[in-house]
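Engineer: Below: sequence and its predicted model.
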Amino acid sequence: MSAPDPLLRPLASDDDERQFADAAVRSFGGDRELIPSWFARAGRENIRVLERDGQVVGGLMEIPMGQFFLGKRVPMCGVAGVAIVPEHRGGGAGTAMMGQCVRAMRAGGFPISVLYASTFPLYRRAGWEHAGSLFEARLPLRLLPRPSRPPRARLETADDRDAIEAIYRARACRHHGWTDRGHYVWERIRSPLATQCEVLVVTDDQGTPSGYVMFMRDRSEDWLDVQVMDWCATSPGAVRDVVSVLANEASMGANLRIPCLPGDPLLAHLPERGAAVQLRECWMLRLNDVPAALNARGWPPGVRAEVNLDVEDPVVVENAGRWCITVEDGNVEVTAGGSGAIRIGVRALAPLYSGHATAETLALAGQLQGPAEDLADATRAFAAPSPTMVDFF
């Protein structure tokens, strides 16, 4: 007789927290003294522990937030801190934990979930798949143009926080795949464990915040390297001021790392080649509730198409079966039934949903099957800019 699956449950006691902290250190290494502040940032109410035979053998953190797809906010739960102690790996504990996590997030009103994976097989078994990208630029600080005047910038005050978050959100909702940040992500940016960002606010002529930059300085031999955790600007002048703030670091700094998309407005200010925009990570997406996720997403204007899916999802049986998606000029109707012309697993549905891959690309990879005309309809219906985000969690 096989042993029962371990149980993923909320954190219930200080002893639970101690055991999960031990599991995290044994999984990730690092300083045990930093774990309490990490847990506090996540919030005890968002920590889940995995119990087997009365012992905590692992756990994870759920990170409530949202994600923008074609301008529409979809409730999204990030997953981080996934840990299983070494002696319980390889026996299905991780797979059981992630399956229970998916069902709990679905029940909690999160139709989608995103994570950054340290290993792919575990998360693919539970239905996650690569669905978007995180880029950063690396360049010598001396490549930035020297400012012709001092930037209109000052240190952040407590009164600036709401304005900063509003500036970010106004930009994020226009970028396909960006997050609508919650407390955990904002605190991770502002106060990486054991360090503190410097936050400068750039202002317009009236002194109103029009952008910001958050960065750290790391010593590299005799020089400082600058790591930008986040930046945002609402006008060309604000972009120039952010560039000027960073250019002024060249007197003591050597290199710059900054979240940066291909075609980013910051790159337009570089007078010469020398910046490398690199893929830092691919994030993985999971549709926890297929009809709710489809209804919440934005859809392209000017497109009329009907997409008939036959979805396979061994983790969430409510997702499995046929779904008819009717798209018309930015509106969508999702109903159970239809022809099921496209056979697709919930894993492959993630990059199709986000716009990371077309239906034809997924068919070529062997991840879905269907007639060519139905694949073309799916590609038109799910068409979107390449999905990206600037947050790592």
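Structural biologist: Done, it's in.

Engineer: the strands in the stretch 201-350 of the chain, which residues?
Structural biologist: Assigned strands in the stretch 201-350 of the chain, in chain order: 209-220, 223-233, 253-259, 276-287, 304-312, 321-328, 331-336, 342-345 (criterion: DSSP state E, counting those that start in this stretch).

Engineer: between the ones you listed, which gets nearest to Ala23?
Structural biologist: strand 276-287 (21.8 Å; CB to CB). The way it works is simple: take the backbone N, C-alpha and C, and place the C-beta from them, glycine included.

Engineer: angle of that closest one against strand 304-312?
Structural biologist: Using axes from the mean of the first three to the mean of the last three CA atoms, to 10 degrees, the inter-axis angle of strand 276-287 relative to strand 304-312 is 70 degrees.

Engineer: Which segments of the protein make up each domain?
Structural biologist: 8-127, 135-280, 289-381 (automatic domain parsing).

Engineer: Tabulate those domains in TSV, adding columns for mean neighbour count and distance to Thr388.
Structural biologist: What follows is the domains of the chain, written out as TSV (neighbours: other CB atoms under 10 Å; distance: least, CB to CB, whole Å):
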stretch	mean neighbour count	distance to Thr388
domain 8-127	18	11
domain 135-280	17	5
domain 289-381	18	10
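
Engineer: Reformat these as TSV; add distance to Met389 and mean pLDDT.
Structural biologist: Converted to TSV, those look like this (distance: least, CB to CB, whole Å; pLDDT from 0 to 100):
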stretch	distance to Met389	mean pLDDT
domain 8-127	8	96
domain 135-280	5	94
domain 289-381	10	98
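
Engineer: Out of these, the one nearest Pro387 is which?
Structural biologist: domain 135-280 (3.3 Å).

Engineer: coming back round to it: so which of the strands of the stretch 201-350 of the chain is nearest His176?
Structural biologist: Of all the strands of the stretch 201-350 of the chain, strand 276-287 comes closest under CB to CB, at 12.6 Å.

Engineer: the inter-axis angle of the longest strand along the chain versus strand 276-287?
Structural biologist: If you go by DSSP state E, the chain has its longest strand at strand 55-69. Angular relation of strand 55-69 and strand 276-287 on a 0 to 180 degree scale: 110 degrees, by the same axes, to 10 degrees.

Engineer: quick one, helices of the stretch 1-150 of the chain?
Structural biologist: Using DSSP state H, counting those that start in this stretch, the helices of the stretch 1-150 of the chain run over residues 14-28, 35-42, 93-107, 120-125.

Engineer: Could you measure from Ala80 over to Pro371?
Structural biologist: Separation of Ala80 from Pro371 (CB to CB, to the nearest Å) stands at 40 Å.

Engineer: How about Ser210?
Structural biologist: For Ser210 relative to Pro371 (CB to CB), the value is 51 Å.

Engineer: returning to that earlier point: reformat the strands of the stretch 201-350 of the chain as JSON lines; add distance to Gln55.
Structural biologist: Output for the strands of the stretch 201-350 of the chain, formatted as JSON lines (distance: least, CB to CB, whole Å):
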{"stretch": "strand 209-220", "distance to Gln55": "38"}
{"stretch": "strand 223-233", "distance to Gln55": "37"}
{"stretch": "strand 253-259", "distance to Gln55": "40"}
{"stretch": "strand 276-287", "distance to Gln55": "28"}
{"stretch": "strand 304-312", "distance to Gln55": "34"}
{"stretch": "strand 321-328", "distance to Gln55": "38"}
{"stretch": "strand 331-336", "distance to Gln55": "42"}
{"stretch": "strand 342-345", "distance to Gln55": "34"}
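
Engineer: give the contact list for Trp283.
Structural biologist: Going by CB atoms under 8 Å, 6 or more residues apart in numbering, Trp283 touches 114-116, 130-134, 389.
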